[in-house]
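A.B. asks: How does the following fold in three dimensions:
(one chain, ligands or ions: 1)
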Amino acid sequence: MINILAFCLNLLIFQKDTSGITYEDYQRAINDYKPLLVDIRAYKTTPEEARSRFQQIMHTMKEAHPTVSYDSSEVSLFFPLMGFDYRAVGGRNGSGFRAEGYDLFDQNAKGSHPAHDIFIKDKNQDCKDDRTGDYVSILSVSDGIVIGTENNWQPGSEYRGGNYIWVYDTTTGGLWYYAHQKEIYVKTGDVVKAGQKISIIGRTGYNAAMKRSDTHLHLTYLRIDEEGNPFPVNTYGWLKNAVTLLDPRIAADLKPLALHINFRLLKIKPKTLPTLSFKAPATKTEPQPIEEKKRKRRSRA
Ligand SMILES: [Zn+2]
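C.D. replies: The predicted model follows:
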């Protein structure tokens, strides 16, 4: 009896058309993000057009992930540098964050730094932490979907982000931007889990590659409002409470806080897909076999 009830409930849930978008719409939105960034950078789109394209992509992402909700008091993160904590964030108490004048859609908007720079100890600028002699892993701070990457920045290029990753956060519905990495290990469309290694820290990007720059990760979070507009958020409080994945080689140097967990205890769970919701594509697939299956199931129920 319980089985039959559960089955009927399943049937109800799966038949309900909860979303106005198809899986193809979703894929298109993900694949449209990087071309938008490239067009903004190359002045191939006006700020107004760019905003409208961005809003469209964000609407699709929100429809595909109907459970996302932004509550600044609820955000819990993994610290993005393995073995490090908020004390590696540049500026006094997160004062490196300046949102004034920021405009994602206008290349001419200058002067803001809607981000935190997070530094390693790298005196000889070889991108390796001096204490371990090894590269520092960058971890995804949250669960999400990779919606844009660059992994081919060339020395001398004027592009400031270097090798970067953009992730749509499937918990809060916002965007994370990781810049200046040496190498990245994810690609557009990948599902990432909080704490998953996505790259190693580097010195790519016009300014980050300069001698005067110390090796760091540039990390931005953009909240997306109902209309799909981006607003940079000062994440210092979140980073202060973030969970550190310990690197035993530098743990002693860090004097771990109570919040730290030992990475040996962290069992990697099988990847679970975030909640998705799509309507069936219009006419492309053959509905016949599905209908038949349903009929059979119904007669059984
Ligand atoms: Zn920065």
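A.B. asks: Kindly indicate whether the residue of the chain found nearest the ion is helix, strand or coil.
C.D. replies: In the chain, the residue that lies nearest the ion is His218 (3.5 Å; C-beta to the ion). Heads up, the C-betas are built off the backbone N, CA and C, glycines and all. Assigned by DSSP: H, G, I helix; E, B strand; the rest coil, the conformation of His218 is strand.
A.B. asks: Not counting its neighbours along the chain, what's nearest it?
C.D. replies: Distances taken as C-beta to C-beta, 6 or more residues apart in numbering put Ala179 closest to His218, at 4.0 Å, once the chain neighbours are dropped.
A.B. asks: Surely Ile165 is within a helix?
C.D. replies: No: with the criterion set as three-state DSSP, the secondary structure at Ile165 is strand rather than a helix.
A.B. asks: which residues does Glu158 contact?
C.D. replies: Taking C-beta atoms under 8 Å, 6 or more residues apart in numbering as the definition of contact, the neighbours of Glu158 are Tyr206.
A.B. asks: Quick check on it: phi, psi?
C.D. replies: Listed backbone geometry of Glu158 is phi -80, psi -10, with angles given as degrees, to the nearest 10.
A.B. asks: Quickly note the distance from it to Tyr177.
C.D. replies: When C-beta to C-beta, to the nearest Å is applied, the distance between Glu158 and Tyr177 equals 18 Å.
A.B. asks: and what of Ala280?
C.D. replies: According to C-beta to C-beta, Ala280 and Tyr177 sit 34 Å apart.
A.B. asks: same thing with Met58?
C.D. replies: Counting by C-beta to C-beta, the gap from Met58 to Tyr177 is 14 Å.
A.B. asks: Strands of the protein, start to end?
C.D. replies: Assigned by DSSP state E, the chain shows strands spanning 116-119, 128-129, 134-135, 137-139, 144-149, 163-169, 175-181, 183-184, 191-192, 197-200, 216-224, 230-232.
A.B. asks: Turn these into a markdown table, including mean pLDDT, mean neighbour count and distance to Gly94.
C.D. replies: Compiled in a markdown table, those are given as follows (pLDDT from 0 to 100; neighbours: other C-beta atoms under 10 Å; distance: least, C-beta to C-beta, whole Å):
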| stretch | mean pLDDT | mean neighbour count | distance to Gly94 |
| --- | --- | --- | --- |
| strand 116-119 | 98 | 22 | 6 |
| strand 128-129 | 94 | 21 | 22 |
| strand 134-135 | 94 | 16 | 25 |
| strand 137-139 | 97 | 23 | 19 |
| strand 144-149 | 98 | 24 | 22 |
| strand 163-169 | 98 | 26 | 19 |
| strand 175-181 | 98 | 26 | 16 |
| strand 183-184 | 97 | 17 | 25 |
| strand 191-192 | 97 | 21 | 24 |
| strand 197-200 | 97 | 21 | 22 |
| strand 216-224 | 98 | 23 | 11 |
| strand 230-232 | 97 | 19 | 13 |
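A.B. asks: Save the ones you listed as JSON lines, and put in distance to Ala88 too.
C.D. replies: Rendered in JSON lines, the data for these read as follows (distance: least, C-beta to C-beta, whole Å):
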{"stretch": "strand 116-119", "distance to Ala88": "5"}
{"stretch": "strand 128-129", "distance to Ala88": "10"}
{"stretch": "strand 134-135", "distance to Ala88": "15"}
{"stretch": "strand 137-139", "distance to Ala88": "12"}
{"stretch": "strand 144-149", "distance to Ala88": "22"}
{"stretch": "strand 163-169", "distance to Ala88": "19"}
{"stretch": "strand 175-181", "distance to Ala88": "14"}
{"stretch": "strand 183-184", "distance to Ala88": "20"}
{"stretch": "strand 191-192", "distance to Ala88": "21"}
{"stretch": "strand 197-200", "distance to Ala88": "15"}
{"stretch": "strand 216-224", "distance to Ala88": "8"}
{"stretch": "strand 230-232", "distance to Ala88": "20"}
